[in-house]
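K.L.:
Have a look; sequence and predicted model below, questions after that.
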Amino acid sequence: MNKKEGVLVIGAGSIGERHIGNLLAMGYQNIHVYRQRNLPFRNITNSAIVIHTDWSSIPKEKILFAIICTPTNQHLEQTLLCLEAGFHVLVEKPLSHSNEHLEQLNAAVNKYRKLVQVAYMMRFHPHMIQIKAMIKSNQYGKLHSIRTHWGSYLPDWHPYEDYKTSYAANKNMGGGVALTLSHDLDLVNWLADSKIKTVAKKFGYSSNLNIDVESVADFQISYQNDITAQVHLNYLEQIPQRKYIFIFEDATVEAEYFSATITIHHKGIKQVETIADFDRNDLFKTELSHFISEINNDNVTAISLQQIEESAVIINLCQNE
């Protein structure tokens with residue numbers, strides 16, 4: 001792909017700056033940024049990009065793809081705008097805070113035949129790819145159960161801003177721990193690779209964070225292929241934890257995100273593997289490279305429709321009914 005092709009990044013908060021930095025590092029030279037407020041950047045210089053605060057000023061005929069990095073409640077509307085303008089779209093997770101208008105998005109994908117990929121970058125984590133291969137090959141027998149735990153203290157996420165004003169903390173911006181940390185819901189669905197049979201869930205609102213969304217979410221999911229999953233998410237742990245346990249017929253596999261370690265217990269033997277110099281940003285780079293490579297796939301419409309269908313399942317899980 002010609003790296004002089006135009007790229008549009010919508011939203012330039014922390015994740016937007018990360019994508020801009022990765023695009024620059026990959027050699028892209030024609031980067032446009034659409035943002036509603038032209039605030040100073042923290043890590044990049046304005047000279048490296050073209051900034052627009054007016055949608056009409058964007059040279060749409062020169063843009064090949066867009067990356068959407070705005071609050072969750074804006075994702076769907078902006079994805080539709082991008083498709084109508086003729087752009088492929090990498091949209092930050094989740095695709096939306098509600099399932100309203102997803103049929104409209106399906107229709108737009110069928111009409112404009114552009115790629116829509118939702119940025120669930122944990123699918124590109126080497127350990128999760130390894131576990132996916134274990135499941136597919138039946139290396140340790142059937143996978144029976146998955147348990148995930150992700151706790152992270154919301155006020156520590158972006159120390160330079162008041163967490164109470166962030167999208168993650170506000171219902172009207174599509175916040176809440178379930179949607180905001182929905183990576184793990186996507187992960188268990190992707191690994192189980194089966195339709196959901198039953199779900200039990202509980203959301204907690206009793207923290208001292210003084211926010212109008214849930215700060216704790218617990219899910220118990222059973223799939224049609226008899227795999228079960230437990231997913232725990234919270235905004236409360238001041239010492240972050242993020243770990244995964246997979247119970248196979250013949251082995252137990254544990255993955256710990258922050259130490260980048262995977263431990264395999266098999267026939268009385270404990271095998272520990274660690275990714276040396278693990279850099280979280282590599283997941284974003286791999287995700288972006290995958291998205292760019294898929295743009296030339298003849299089957300972009302089918303891929304996009306599948307992404308939307310998978311997101312609809314996650315959005316339904318995250319609704320507090």
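P.N.:
On my side now, so go ahead.
K.L.:
Could you pull out the strands in this structure for me?
P.N.:
6-10, 31-34, 50-52, 63-68, 88-92, 116-119, 143-151, 196-204, 216-223, 228-234, 241-248, 251-256, 261-266, 269-274 (DSSP state E).
K.L.:
got CSV for those strands, with mean pLDDT and distance to residue 101 too?
P.N.:
Every C-beta, even on glycine, is put in place using the N, C-alpha and C of the backbone. Putting those into CSV (pLDDT from 0 to 100; distance: least, CB to CB, whole Å) gives the following:
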stretch, mean pLDDT, distance to residue 101
strand 6-10, 97, 18
strand 31-34, 96, 21
strand 50-52, 95, 25
strand 63-68, 98, 15
strand 88-92, 98, 14
strand 116-119, 98, 13
strand 143-151, 98, 29
strand 196-204, 98, 22
strand 216-223, 98, 24
strand 228-234, 98, 25
strand 241-248, 98, 32
strand 251-256, 98, 36
strand 261-266, 98, 39
strand 269-274, 98, 44
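K.L.:
what's the closest non-adjacent residue to residue 97?
P.N.:
Using CB to CB, 6 or more residues apart in numbering and skipping residues adjacent in sequence, the residue nearest residue 97 is residue 174, 3.1 Å away.
K.L.:
contacting residues for the residue nearest the centre of the chain?
P.N.:
Nearest to the mean C-alpha position of the chain, counting by CA atoms, centre = their mean, stands residue 120 at 2.8 Å. Contacts were defined as CB atoms under 8 Å, 6 or more residues apart in numbering; by that measure residue 120 touches 93, 182, 183, 186, 187, 190.
K.L.:
Can you report how many residues neighbour the residue nearest to residue 97?
P.N.:
Residue 174 has 24 neighbouring residues, counting by other CB atoms under 10 Å.
K.L.:
That one and residue 70 touch, don't they?
P.N.:
No. Taking contacts as CB atoms under 8 Å, residue 174 lies outside contact range of residue 70: 9.8 Å.
K.L.:
Throw the strands of the chain into a markdown table and include mean neighbour count and distance to residue 160, thanks.
P.N.:
Converted to a markdown table, the strands of the chain look like this (neighbours: other CB atoms under 10 Å; distance: least, CB to CB, whole Å):
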| stretch | mean neighbour count | distance to residue 160 |
| --- | --- | --- |
| strand 6-10 | 24 | 20 |
| strand 31-34 | 22 | 19 |
| strand 50-52 | 16 | 20 |
| strand 63-68 | 24 | 22 |
| strand 88-92 | 25 | 19 |
| strand 116-119 | 24 | 22 |
| strand 143-151 | 19 | 22 |
| strand 196-204 | 13 | 27 |
| strand 216-223 | 19 | 25 |
| strand 228-234 | 21 | 23 |
| strand 241-248 | 19 | 23 |
| strand 251-256 | 18 | 28 |
| strand 261-266 | 17 | 30 |
| strand 269-274 | 11 | 31 |
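K.L.:
Tell me which of those sits nearest to residue 302.
P.N.:
Counting by CB to CB, residue 302 lies closest to strand 116-119 out of the strands of the chain; the figure is 11.3 Å.
K.L.:
May I see the strands of the chain organised as JSON lines, with distance to residue 288 added?
P.N.:
Written out in JSON lines, the entries for those read as follows (distance: least, CB to CB, whole Å):
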{"stretch": "strand 6-10", "distance to residue 288": "10"}
{"stretch": "strand 31-34", "distance to residue 288": "13"}
{"stretch": "strand 50-52", "distance to residue 288": "19"}
{"stretch": "strand 63-68", "distance to residue 288": "8"}
{"stretch": "strand 88-92", "distance to residue 288": "7"}
{"stretch": "strand 116-119", "distance to residue 288": "9"}
{"stretch": "strand 143-151", "distance to residue 288": "23"}
{"stretch": "strand 196-204", "distance to residue 288": "29"}
{"stretch": "strand 216-223", "distance to residue 288": "28"}
{"stretch": "strand 228-234", "distance to residue 288": "25"}
{"stretch": "strand 241-248", "distance to residue 288": "22"}
{"stretch": "strand 251-256", "distance to residue 288": "23"}
{"stretch": "strand 261-266", "distance to residue 288": "24"}
{"stretch": "strand 269-274", "distance to residue 288": "25"}
